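A.B. asks: Need a 3D model of the sequence below.
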Amino acid sequence: MKLQVNLKNIFVEATCLLYVMLFVYAAVSKLLDFENFQVQIGQSPLLSAFASWVPWTVPLAELLISALLIFSSTRLWGLVLAFSLMFMFTVYIFIILHYSSYVPCSCGGILEKMSWNAHMFFNLFFVILAFIAVILRSGIENKTKNKKQFIPSVKTMIFSCFLGTIAVIVLFVWSEELMHYSNPFQRRYPKNTAELIKQLDLEYNSFYIAGFNNGRLYLGNYSNPQILVSFNSSLKNKRIEKIDFDPKNIPFQNVTLSVRGNYFYLKDGRVPAFFRGSVKDWKISKKLNGMPNFTQAEPADSTTILFRNNSGENLSNVLGVFHSENKNKVRYNRFLLEKQIDGIFDTDGLLMYSEDSEKMIYLYYYRNEFTVAGKDLKIDYTGHTIDTTSKAKIKVTAVKGGRGKTMSAPPLVVNAHGSVFKNLLFVNSRIMGRYENKKRWEHSSVIDLYDFNRHSYLLSFPIYNIEGDKLKSFIVTDTHLYALVGNAVAVYELKENIKKELKSEVTKSN
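C.D. replies: Residues are numbered from 1 along each chain as shown. Modelled structure (predicted):
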């Protein structure tokens, strides 16, 4: 009988020792590299929204449980808590593997190099050890202590499992809701988003992205406004297209080209002038007469142009739509852009159009807002990017003589560049979020991805610098992202975590 009791004690004490070694090592590792651990928690699908307190709670709980396991008088309850915590870790991994939108990197000392499946089996082994140890320890204490004293039993363990499972599920659902719809300025960088395939030196920095059509990327050149350079999807098979057009006496000042579908457009908002031609022969075939001056313009279809100019009150920016076939060709919506300071610089931004969704998106440069409207300029809603800059941080002064206004200090740029494709809005942000890796920001430009139909933030990914230069502009297709970085153009292949967001939208629309 004594031998049996001794074997039980040895098993319990060995289990306690293993837990103490595991928890102390894991806790100390996390606390010694706390900043990195906090970044990892910030990337967890279950815990992202709670990265302010979870990184402290977990190692402190591990150390507290280890202390309870050391002393004989508290060892039983230490085992119960160790069992509960390890069971919650196991449920956490199970949800990560089977229900999470992506699988983050592992974290936690000795377990950091393990795969998630190996991690889960490792945890299950310790869960079983703790369960057996609690039953054995309970049996021993039942014989030696007052029977009126509560001793944990199998029912206690089952109830602990139930509470732990509910707690982890609640954290998962709550965190996902907060991250996608009430984001506390925390980015997620899942794997399988975008992979750099190739980059090509263009030798000059005067190129701009003109569009994408039939599997080819088109680049315009400010130095030679009647030339388009194109490449296939892998930046090979270079072609040069010369626009067949005689400008005659038109006083062009700032000509740019756009390729949209089967048409290309030659435009200059200062003249103003807007011409259309076919990509089949690259000849100008039509002038869109009656177009007002514009600072930006995006074709919605072959006869409809969305534009921005500064014809509002006190030269403020205003959005309008031009219909070349209508009797009343120009119509403005003077309420789409929200004035905060001067109506000029504070409403500055990027005008974009999604042909698939038939939505106009206007992305503000200096605040965390974008406006979504139909091509008739009827507003759908005003969305927000995940940063916290809700008011433009700019300083504006009047030019001497009262002929205009200018920036008196460098502005805080929030959203530098953007692109839309189908239901997705890609935004190049200039503001670093909470719990982020500073090196990522030094060596890349971060793209935040939003679903503007569901009003939600999805994920983020980097576009890497080329020879120290950062992203200048980019365009997105159903399979790739093309970026101008310094003097180079780079192509990134879109991976599953982005493609599935496009697929889900196609399914809905069908």
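A.B. asks: From what I see, residue 223 and residue 204 are in contact.
C.D. replies: Yes - shown here, residue 223 and residue 204 form a contact pair, counting by CB atoms under 8 Å, at 7.4 Å. C-beta: built from backbone N, CA, C; applies to glycine.
A.B. asks: can you pull out the helices in the stretch 301-450 of the chain?
C.D. replies: 438-443 (DSSP state H, counting those that start in this stretch).
A.B. asks: try the chain
C.D. replies: Secondary structure of the chain by DSSP state H: the helices cover 2-32, 34-42, 54-70, 75-98, 116-144, 154-181, 438-443, 496-509.
A.B. asks: From the contact counts, what lies against the fourth one?
C.D. replies: Right, the one you point to is helix 75-98. Judged by 3 or more CB pairs under 8 Å, 6 or more residues apart in numbering; DSSP states H and E, helix 75-98 is in contact with helix 2-32, helix 54-70, helix 116-144, helix 154-181.
A.B. asks: could I get those as a markdown table with mean pLDDT and distance to residue 86?
C.D. replies: Below are those laid out as a markdown table (pLDDT from 0 to 100; distance: least, CB to CB, whole Å):
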| stretch | mean pLDDT | distance to residue 86 |
| --- | --- | --- |
| helix 2-32 | 84 | 8 |
| helix 54-70 | 92 | 10 |
| helix 116-144 | 84 | 5 |
| helix 154-181 | 85 | 9 |
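A.B. asks: Turn those helices into CSV, including mean neighbour count and distance to residue 256.
C.D. replies: CSV is the format used below for these (neighbours: other CB atoms under 10 Å; distance: least, CB to CB, whole Å):
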stretch, mean neighbour count, distance to residue 256
helix 2-32, 16, 53
helix 54-70, 18, 49
helix 116-144, 17, 49
helix 154-181, 15, 36
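A.B. asks: CSV for those, including distance to residue 345?
C.D. replies: Shown next, in CSV, are the helices and strands packed on helix 75-98 (distance: least, CB to CB, whole Å):
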stretch, distance to residue 345
helix 2-32, 45
helix 54-70, 40
helix 116-144, 48
helix 154-181, 30
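A.B. asks: Those: which one's closest to residue 282?
C.D. replies: Relative to residue 282, the nearest member of the helices and strands packed on helix 75-98 by CB to CB is helix 154-181, separated by 43.9 Å.
A.B. asks: Which strands or helices does that closest one pack on?
C.D. replies: Against helix 154-181 (3+ CB pairs under 8 Å, 6+ apart) you get helix 75-98, helix 116-144, strand 456-464.
A.B. asks: Would you pull up how far it lies from the middle of the chain?
C.D. replies: Centroid displacement of helix 154-181 relative to its chain, using CA atoms, centre = their mean, to the nearest Å, is 26 Å.
A.B. asks: Repeat that for stretch 304-322.
C.D. replies: Here stretch 304-322 shows a centroid-to-chain-centroid distance of 30 Å under the convention CA atoms, centre = their mean.
A.B. asks: Any regions of the stretch 201-350 of the chain where pLDDT drops low?
C.D. replies: Applying pLDDT under 70 to the stretch 201-350 of the chain flags no residue at all.
A.B. asks: ranges for the strands of it?
C.D. replies: For the stretch 201-350 of the chain, the strands defined by DSSP state E, counting those that start in this stretch cover 207-213, 216-221, 227-232, 239-242, 256-260, 263-268, 273-278, 283-287, 296-299, 304-309, 318-323, 330-333, 349-354.
A.B. asks: Minimum distance to residue 467: which of those has it?
C.D. replies: Closest approach to residue 467 among the strands of the stretch 201-350 of the chain is made by strand 207-213 (15.7 Å; CB to CB).
A.B. asks: contacting residues around that closest one?
C.D. replies: 217-222, 228-229, 256-262, 264, 279, 473-475, 477, 482, 484, 489 (CB atoms under 8 Å, 6 or more residues apart in numbering).
A.B. asks: Next, format the helices and strands packed on helix 154-181 as JSON lines and append distance to residue 35.
C.D. replies: Formatted as JSON lines, these follow (distance: least, CB to CB, whole Å):
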{"stretch": "helix 75-98", "distance to residue 35": "22"}
{"stretch": "helix 116-144", "distance to residue 35": "22"}
{"stretch": "strand 456-464", "distance to residue 35": "19"}
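A.B. asks: Looking at these, which is nearest to residue 189?
C.D. replies: Between residue 189 and the helices and strands packed on helix 154-181, the shortest gap by CB to CB is with strand 456-464, which sits at 5.6 Å.
A.B. asks: Looking at the helices and strands packed on helix 154-181, which is nearest to residue 177?
C.D. replies: strand 456-464 (9.9 Å).
A.B. asks: Pairing partners for the closest one, with directions?
C.D. replies: Using DSSP bridges, strand 456-464 pairs in its sheet with strand 444-451 (antiparallel).
A.B. asks: Could you check the partner strand and say which residues are buried?
C.D. replies: Judged by neighbour count using 16 or more other CB atoms under 10 Å, the buried positions of strand 444-451 are 444, 445, 446, 447, 448, 449, 450, 451.
A.B. asks: so how far is that strand off the chain centroid?
C.D. replies: Relative to where its chain is centred, strand 444-451 has its mean C-alpha point 4 Å off (CA atoms, centre = their mean).
A.B. asks: Could you list the residues in contact with that strand?
C.D. replies: 187, 194, 383, 385-386, 416, 423-429, 440, 456-465, 470-471, 474, 481, 485, 498, 501, 505.
A.B. asks: do the same with stretch 121-139
C.D. replies: 8, 11-12, 15-16, 18-19, 22, 75-76, 79-80, 82-83, 86-87, 89-90, 93, 111, 114, 151-154, 157.
A.B. asks: ok so, going back, out of the contacts of strand 444-451, which are buried?
C.D. replies: 187, 194, 383, 385-386, 416, 423-429, 440, 456-464, 470-471, 474, 481, 485, 498, 501, 505.
A.B. asks: Next up, the contacts around the nearest residue to residue 468 once chain neighbours are set aside.
C.D. replies: Among residues not flanking residue 468 along the chain, residue 486 sits closest, at 7.7 Å (CB to CB, 6 or more residues apart in numbering). Residue 486 sits next to 205, 466, 467, 468, 469, 470, 472 when contact means CB under 8 Å, 6+ apart.
A.B. asks: Show me which of these are buried.
C.D. replies: Among the contacts of residue 486, the ones that count as buried by 16+ other CB under 10 Å are 466, 470, 472.
A.B. asks: Show me which of these is closest to residue 182.
C.D. replies: Residue 182 lies nearest to residue 470 out of the buried ones among the contacts of residue 486, by CB to CB, at 29.7 Å.
A.B. asks: Hmm, residue 47 and residue 176 touching each other?
C.D. replies: No - using CB under 8 Å, residue 176 is not in contact with residue 47; the gap is 10.7 Å.
A.B. asks: what's near enough to touch residue 239?
C.D. replies: Residue 239 is in contact with 216, 229, 230, 231, counting by CB under 8 Å, 6+ apart.
A.B. asks: For burial, what's the neighbour tally of the residue nearest to residue 255 when sequence neighbours are not counted?
C.D. replies: Spatial nearest neighbour of residue 255, chain neighbours left out: residue 225 (3.8 Å); criterion: CB to CB, 6+ apart. By the criterion of other CB atoms under 10 Å, residue 225 has 18 neighbours.
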